[in-house]
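K.L.:
okay, predicted coordinates and the sequence, questions at the end:
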Amino acid sequence: AELMRTRTQQVDRAIEAYGEVLAQLPGHPGTINALEEIVTDPNGQARVDAARVLVPHFQANAQYADLINALEVVAECDDPAERLAAHRQAAEVAEQGLGDTEQAFTLMGRAVRAGLAEDDLGAMVSDYGRLAERSEQWRPYVDTLRDISPDIMDSDLQVNVMMTVAATSRDRLADLDTARQYYRKVLEQRPDFGAALDALQALQAEAGDYPALIDTLRRKVEVAETAPERVALLLEQARISEEHLEDLRSAIEALEAVVLEDERHAVAYAKLESLYARTERHSDLAAILERQIEVGAGDPVGLHYRLGMVQVNSLDDAYSGMENLEKALKLDGNHEPSIAALNALMTSTEHSGAAARVLEPVYLARMEWPNVRAALEARLASENELDARKGLLGRMGQLHEDYLEDLDGALEAYARLFNEDPRDRSVWDTLTRMT
């Protein structure tokens with residue numbers, strides 16, 4: 001062996017002979033030294049073969065540092081399986097034999113890079129993560145995973161590795177840009193991957209990146225499986241659009257989507273009413289109030305009142321507005337806002353009669369006789385049909401006579417009735433009785 005190594009340059013045959021020596025005399029010093037010289041020659045062509053012979057010797061003698069060095073030389077071979085096995089064994093020796101987790105981590109990283117096509121790559125990646133945590137080598141850990149992720153064949157494992165890159169960058173390195181980048185990479189492959197969407201949402205919210213956050217919320221709405229999930233996401237989308245982006249249109253669109261999911265969602269309706277009013281979308285405001293009435297969402301008295309006020313004040317439709325105010329009062333005869341609104345309309349020449357017609361029965365029920373009289377006067381001022389005027393004046397006379405105990409007022413009302421139709425014998429009889 002010595003002659004072949006040093007004189008005839010037959011190093012390959014020399015290594016075989018050294019192997020036979022060690023088989024007969026394990027640990028033979030001269031042989032070990034010779035093989036180590038071959039292994040440490042950086043230009044030697046037989047380094048790997050010599051290292052293969054040394055590995056069982058170092059292993060048997062628990063020479064762990066030397067064993068790792070020999071295994072790393074073996075890992076220079078052309079056989080992918082042998083190369084991977086050498087890296088993994090070296091990592092195991094470093095961790096269990098030397099207790100050196102940093103070296104074990106580095107060696108396992110090499111194994112991971114060498115084993116991309118292996119079925120148990122997932123187990124190696126898991127071991128690599130365990131060693132990264134024990135040695136706190138987070139930056140090289142992330143760098144290695146970033147390097148290998150594009151070449152991983154198993155799509156599930158690839159997604160898990162990218163999620164690990166993102167989570168480690170966020171939690172261990174405070175590298176939020178990389179975290180966001182890799183969560184987005186996951187979503188490019190799995191648009192419905194909930195964990196990536198949740199994490200990306202949290203990062204964007206923390207950074208105040210509201211346009212991106214809105215985009216993420218929209219994606220989550222698209223993949224949400226249940227109506228309550230979609231409703232919660234849409235409400236958050238509306239809140240951010242309104243409060244942070246001042247994008248009232250987008251806020252309205254999100255809230256409109258909420259009421260499509262839940263036709264009785266009180267919070268969404270209330271926000272829609274407010275936003276329609278702020279953006280002066282009065283027709284839409286009236287429509288959403290009508291919809292709430294139709295589906296039975298909310299207090300019907302308040303809904304009819306608010307609808308009536310929108311029609312009166314913003315849509316120039318006082319008569320429809322008074323119809324809704326009347327409906328509110330039929331449901332609650334003591335609804336003061338509706339009464340006040342109709343009172344204001346009663347002062348208008350154009351609408352006084354219609355408003356008074358609605359208010360008269362309300363005041364009668366409440367026995368507010370002066371207000372009844374005012375309503376009758378308002379109706380008279382706008383009434384041209386003879387029989388209707390006679391009926392109003394007759395009721396006014398009865399009001400003064402029976403409820404206000406004002407005979408002079410009653411006589412005046414009946415006199416006005418007489419002036420309306422002097423030929424009406426019943427009026428003659430009433431005036432005679434009053435006299």
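P.N.:
Cool, the structure landed.
K.L.:
okay, and residue 378 sits in which element?
P.N.:
Here residue 378 sits within helix 369-382, counting by DSSP states H and E.
K.L.:
if you count neighbours, what's buried in the helix or strand following that helix?
P.N.:
Using DSSP H and E, the helix or strand that directly follows helix 369-382 along the chain is helix 386-398. By 16 or more other Cβ atoms under 10 Å, the buried positions in helix 386-398 come out as 389, 390, 392, 393, 394, 395, 396, 397. From N, CA and C alone the C-beta is placed, and that goes for glycine too.
K.L.:
show me where the stretch 51-200 of the chain has its helices.
P.N.:
64-74, 80-92, 101-114, 121-135, 138-148, 155-171, 176-189, 194-207 (DSSP state H, counting those that start in this stretch).
K.L.:
mind putting those helices into TSV with distance to residue 312 and mean pLDDT?
P.N.:
What follows is the helices of the stretch 51-200 of the chain, written out as TSV (distance: least, Cβ to Cβ, whole Å; pLDDT from 0 to 100):
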stretch	distance to residue 312	mean pLDDT
helix 64-74	88	92
helix 80-92	81	93
helix 101-114	74	94
helix 121-135	68	95
helix 138-148	65	96
helix 155-171	55	96
helix 176-189	50	95
helix 194-207	42	94
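K.L.:
residue 430 is nearest to which of those helices?
P.N.:
helix 194-207 (78.6 Å; Cβ to Cβ).
K.L.:
tilt between the closest one and helix 155-171?
P.N.:
20 degrees (axes from the mean of the first three to the mean of the last three Cα atoms, to 10 degrees).
K.L.:
between helix 176-189 and helix 194-207, find me the angle.
P.N.:
150 degrees.
K.L.:
could you list the buried residues of helix 194-207?
P.N.:
Within helix 194-207, the residues that count as buried by 16+ other Cβ under 10 Å are 196, 197, 199, 200, 201, 203, 204, 205.
K.L.:
gap between residue 294 and residue 1?
P.N.:
Separation of residue 294 from residue 1 (Cβ to Cβ, to the nearest Å): 100 Å.
K.L.:
quick revisit: closest to residue 141 among the buried residues of helix 194-207?
P.N.:
Nearest to residue 141, judged by Cβ to Cβ, of the buried residues of helix 194-207 is residue 199 at 18.4 Å.
K.L.:
look up how far residue 278 lies from that closest one.
P.N.:
Residue 199 is 34 Å from residue 278, by Cβ to Cβ.
K.L.:
would you mind writing the CA trace of stretch 306-321 as CSV?
P.N.:
These are the backbone C-alpha positions of stretch 306-321, laid out as CSV (Å, rounded to 0.1, in the frame of the first residue of the first chain):
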residue,chain,number,x,y,z
ARG,A,306,-87.2,58.2,9.1
LEU,A,307,-88.4,57.2,5.7
GLY,A,308,-91.1,59.9,5.9
MET,A,309,-88.5,62.6,6.8
VAL,A,310,-86.2,61.6,3.9
GLN,A,311,-89.1,61.8,1.5
VAL,A,312,-90.2,65.2,2.9
ASN,A,313,-86.8,66.9,3.3
SER,A,314,-84.6,65.3,0.6
LEU,A,315,-86.8,63.8,-2.1
ASP,A,316,-89.4,66.6,-2.4
ASP,A,317,-92.1,64.0,-2.0
ALA,A,318,-94.1,65.4,1.0
TYR,A,319,-97.2,63.4,0.3
SER,A,320,-95.4,60.0,0.4
GLY,A,321,-93.6,61.3,3.5
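K.L.:
for it, give the mean pLDDT please.
P.N.:
The pLDDT scores in stretch 306-321 average 95.
K.L.:
same check, this time on stretch 351-363
P.N.:
90.
K.L.:
can you pull the buried residues of the strand or helix carrying residue 252?
P.N.:
When elements are assigned from DSSP H and E, residue 252 belongs to helix 248-261. For helix 248-261, the neighbour count (16+ other Cβ under 10 Å) marks 248, 250, 251, 252, 254, 255, 256, 257, 258, 259, 261 as buried.
K.L.:
which residues sit against it?
P.N.:
214, 221, 227, 230-231, 234-235, 237-239, 241-242, 265, 268-269, 271-272, 275-276, 278-279, 281, 288, 291 (Cβ atoms under 8 Å, 6 or more residues apart in numbering).
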